[in-house]
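In: Have a look; sequence and predicted model below, questions after that.
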Amino acid sequence: MSTALLILTLDEIDGMKEIVPKIRKEWIDEILLVDGGSTDGTIEEAEKFGLNILKQKIKGHGAAILEGVNATNSDNIVFFGPDGNHDYNEIPILVDKIKENYDQVLISRFGDGSINLDASPLENFGNKMFAFLVNVFFGGHWTDTLNESRIITRKAFLQLQFDSLEMGSTQQMSIRGLKKRQKILEIVGNEGERIGGKKKMKPLPVGFDLSKQIIKEFIFWN
C-alpha cells in the first residue's frame, strides 16, 4: 500500500525550515505541498527541498485537502501541517496503523495523557464540546474530532463525498466516517507550540460554522 503526505501551508516558512527537513522520505511514497497563497517565502523554501508544490485554486483548508487528494495517486493520504502543532514522528505511526485494516486513523490532542501546548482555554473547551456533540449525534467515542493530523485511505475518502472547503473539513471527515460506519482508530498524541507564523483559526466564527455543520449533517443524514 502506498501513502501520500499532504503538507498544507499558508505562510509557514519558520515551520518549513525547522520541521520539514525532519520528515524522512522513506516513511511515505509521495509528498505534495499544497499552498494557500503564501507570501513569506514558504514556497521558495519548499523548492529548496525539492518538494512537489500545488498552489490552491480555491481558498480554504478543506479546499487544500480536496485539491491535494485529487492531485495524488497513493492508496492512503496523511494530512500534515508544518506549524509545530503536529509531531512529525506521528507520520510513520499513522502509516503503520492504517495497514491494520482501518479506514481512518487520527491523532487526539485531548486524550488521556495528551499534552497540549497551543490551545487557549476557549479553544480547549470548544474542541472538547464539538467532540462531545459529534459523539452524541453520530455515535462516536472520540476525544478529538477536529484534528488535521490523520491518515485516511483513498477509498474511504471517496466514500465520504467530501465537500467542506473551509475549517469544518476535518470535522466533516469525522462525522461522515461515522455515518458511513468506517473503521476508525483514535491514537492519543500531543499538540506542540506553534513555530512562527499566525494562527489561522478564529474560534468564534469557526465555532459557529462547526455548529451549523453538525446540524446540517444530522438533518441530511444521507
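Out: Yep, that arrived.
In: Count the neighbours of Ala156 for me.
Out: 22 (other Cβ atoms under 10 Å). (C-beta placed from N, C-alpha, C; glycine too.)
In: ok, it to Leu106 distance?
Out: From Ala156 across to Leu106, the span is 12 Å (Cβ to Cβ, to the nearest Å).
In: Then Glu26?
Out: Where Leu106 is concerned, Glu26 sits at a distance of 23 Å (Cβ to Cβ).
In: Ok, Gly41 next?
Out: Where Leu106 is concerned, Gly41 sits at a distance of 31 Å (Cβ to Cβ).
In: Pick out whichever of the two has more residues nearby.
Out: More crowded of Gly41 and Leu106, by other Cβ under 10 Å: Leu106, with 28 against 15.
In: Before we go further, that one is sitting in a strand, right?
Out: Yes. When classified by DSSP: H, G, I helix; E, B strand; the rest coil, Leu106 is found to be part of a strand.
In: Tell me if I'm right that it and Ser149 touch.
Out: Yes. If you go by Cβ atoms under 8 Å, Leu106 and Ser149 touch, sitting 7.0 Å apart.
In: which residues does the closest residue in space to Glu100 that isn't next to it in sequence contact?
Out: Leaving aside its chain neighbours, Glu100 sits nearest to Leu185 (7.7 Å; criterion: Cβ to Cβ, 6 or more residues apart in numbering). Going by Cβ atoms under 8 Å, 6 or more residues apart in numbering, Leu185 touches 97, 100, 102, 104-106.
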